[in-house]
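>>> just to be clear, the model below is a prediction. Sequence and coordinates:
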Amino acid sequence: MTREQLETHQIPVYFAAVLAALAFGLLATDTAHHLQALITPAIAVLMYAMFLQIPFLDLRQGLGNRRFISALLLANFVLIPLLVWAITRGLVAHPAILIGALLVLLTPCIDYVVVFTHIGKGDSRQTLAATPLLLLVQLVLLPVYLALMLGDDNAVAISIAPFVEAFALLIVLPMILAVLTSASARRSRVASKWNDAWAWMPVPAMACVLVVVIGSQIAAVLRDFERLLPVIPAYLGFMLLAPVIGFATARLMRLPVAEVRSVTFSASTRNSLVVLPLALALPEDLRGLAAAAVITQTLMELVSELIYVRVVPAWVRDR
């Protein structure tokens, strides 16, 4: 099989990974739970593989694209929060679930959104260039949004440390290693062959992430499934409406097709794995169910992304 054939058949590979993870997580629960320790390393490897495919010399132009950045900020920090507020009103009577849902839905993804954007034929370089800005803005605005949407009675202290740690491990470190590897490839035949070998890795690495996340968490989600039922309609509503918001915002800014797809993916993809440590740092009476709510969104999002990477390129085309 060639690399092109592997990339062409990546969707069946991902669905097979999801099914294998579900089976392993349910049939070997005790063993599968230990996969949780591999989530961060697996995502870091995925990002390294992805970063190796991106010419970093072009990234300096990314933040100079004001219309693209404006579309990202408008979609993720104005329109999406309005959507989140509307679809979570039914969770007010379930504070733990509400906090988990708000944590995950209010924070745009800064890691594997780059991968899905690339697979979905968006401009992954522009998305990558914008990730530091997306991180900083969500760090500032998340406490504000939580205060407004939870109210004073449910105010919860949120630490930014997990965000910074996740950004360093999942973005900065893989990016630095990828840049050093690419620079070495120009002078070393060994490094060049290493680069060529890693060009095969994005698809297997994504499949590995799916197995690790779903396999390690599915048992916990099913254990609390009845209590989590109220959040399912909110997540389904987000899955359906967030891409429309991203698409409409990008069209309003008259962006080219690849950038419209990028904004669509950014608006639809949440920081689920990065905010999980935030949920686990909540008070004990909220921690378990809030974390389960975040994990539920993770599982649903991973499946929805497999749909987006097929639907978005077909939907967003030259007019």
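Nice, I can see it.
>>> specify the local secondary structure of Trp200.
In the three-state summary, Trp200 is assigned as coil, counting by DSSP: H, G, I helix; E, B strand; the rest coil.
>>> rounded mean pLDDT for stretch 128-143, please.
Across stretch 128-143, the average pLDDT comes to 85.
>>> now the stretch 151-300 of the chain, which segments are flagged as low pLDDT?
152-160, 163 (pLDDT under 70).
>>> need the strands for the stretch 1-150 of the chain, in chain order.
Counting by DSSP state E, counting those that start in this stretch, one finds no strands in the stretch 1-150 of the chain.
>>> now the helices for it?
Along the stretch 1-150 of the chain, the stretches classed as helices by DSSP state H, counting those that start in this stretch are 3-8, 10-27, 29-33, 39-51, 66-74, 80-87, 95-105, 113-119, 124-150.
>>> any chance of CSV for these, columns distance to Arg251 and mean neighbour count?
(Each C-beta comes from the backbone N, C-alpha and C, glycine too.) Converted to CSV, the helices of the stretch 1-150 of the chain look like this (distance: least, CB to CB, whole Å; neighbours: other CB atoms under 10 Å):
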stretch, distance to Arg251, mean neighbour count
helix 3-8, 28, 12
helix 10-27, 26, 16
helix 29-33, 43, 14
helix 39-51, 27, 21
helix 66-74, 9, 19
helix 80-87, 16, 18
helix 95-105, 23, 26
helix 113-119, 17, 26
helix 124-150, 16, 19
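>>> mind putting those helices into CSV with distance to Ser184?
Shown next, in CSV, are the helices of the stretch 1-150 of the chain (distance: least, CB to CB, whole Å):
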stretch, distance to Ser184
helix 3-8, 21
helix 10-27, 28
helix 29-33, 37
helix 39-51, 14
helix 66-74, 31
helix 80-87, 40
helix 95-105, 38
helix 113-119, 22
helix 124-150, 20
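>>> how about these, which one is nearest Gln217?
Closest of the helices of the stretch 1-150 of the chain to Gln217 is helix 10-27, at 7.3 Å (criterion: CB to CB).
>>> return the set of buried residues in whichever helix in the chain runs longest.
Ordering each helix of the chain by length in residues (DSSP state H) puts helix 284-315 first. Residues of helix 284-315 classed as buried by neighbour count (16 or more other CB atoms under 10 Å): 286-306, 308-309, 312-313.
>>> do you know which of the helices of the stretch 1-150 of the chain lies nearest Phe265?
Nearest to Phe265 among the helices of the stretch 1-150 of the chain is helix 113-119 (4.6 Å), distances taken as CB to CB.
>>> which secondary structure elements does that closest one contact?
For helix 113-119, the contact count by 3 or more CB pairs under 8 Å, 6 or more residues apart in numbering; DSSP states H and E identifies helix 39-51, helix 124-150, helix 202-223, helix 257-268, helix 284-315 as packing neighbours.
>>> mind checking how far the helix or strand hosting Met239 is from the chain centre?
According to DSSP states H and E, Met239 maps onto helix 232-252. Centre-to-centre, helix 232-252 and its host chain are 15 Å apart (CA atoms, centre = their mean, to the nearest Å).
>>> and it with helix 80-87, angle?
Taking axes from the mean of the first three to the mean of the last three CA atoms, to 10 degrees, helix 232-252 and helix 80-87 form an angle of 150 degrees between their directions.
>>> what is helix 232-252 packed up against?
Secondary structure elements in contact with helix 232-252, counted by 3+ CB pairs under 8 Å, 6+ apart, are helix 66-74, helix 80-87, helix 95-105, helix 257-268, helix 284-315.
>>> select, out of those helices, the one closest to Val179.
Closest of these to Val179 is helix 257-268, at 21.4 Å (criterion: CB to CB).
>>> what comes into contact with that closest one?
Helix 257-268 is contacted by residues 65, 68, 71-72, 75-76, 79-80, 108-109, 113, 116-117, 120-124, 126-127, 130, 134, 239, 242-243, 245-247, 249-251, 255, 304-305, 308, 312-313, 316-318 when judged by CB atoms under 8 Å, 6 or more residues apart in numbering.
>>> tell me how far the residue lying closest to Gly100 once chain neighbours are set aside lies from Trp194.
Beyond its immediate neighbours in the sequence, the residue positioned closest to Gly100 (CB to CB, 6 or more residues apart in numbering) is Ala293, lying 2.9 Å away. For Ala293, the distance to Trp194 (CB to CB, to the nearest Å) stands at 41 Å.
>>> kindly report the same for Ala166.
As for Ala166, its distance to Trp194 is 26 Å (criterion: CB to CB).
>>> try Leu141
When CB to CB is the yardstick, Leu141 and Trp194 sit 40 Å from each other.
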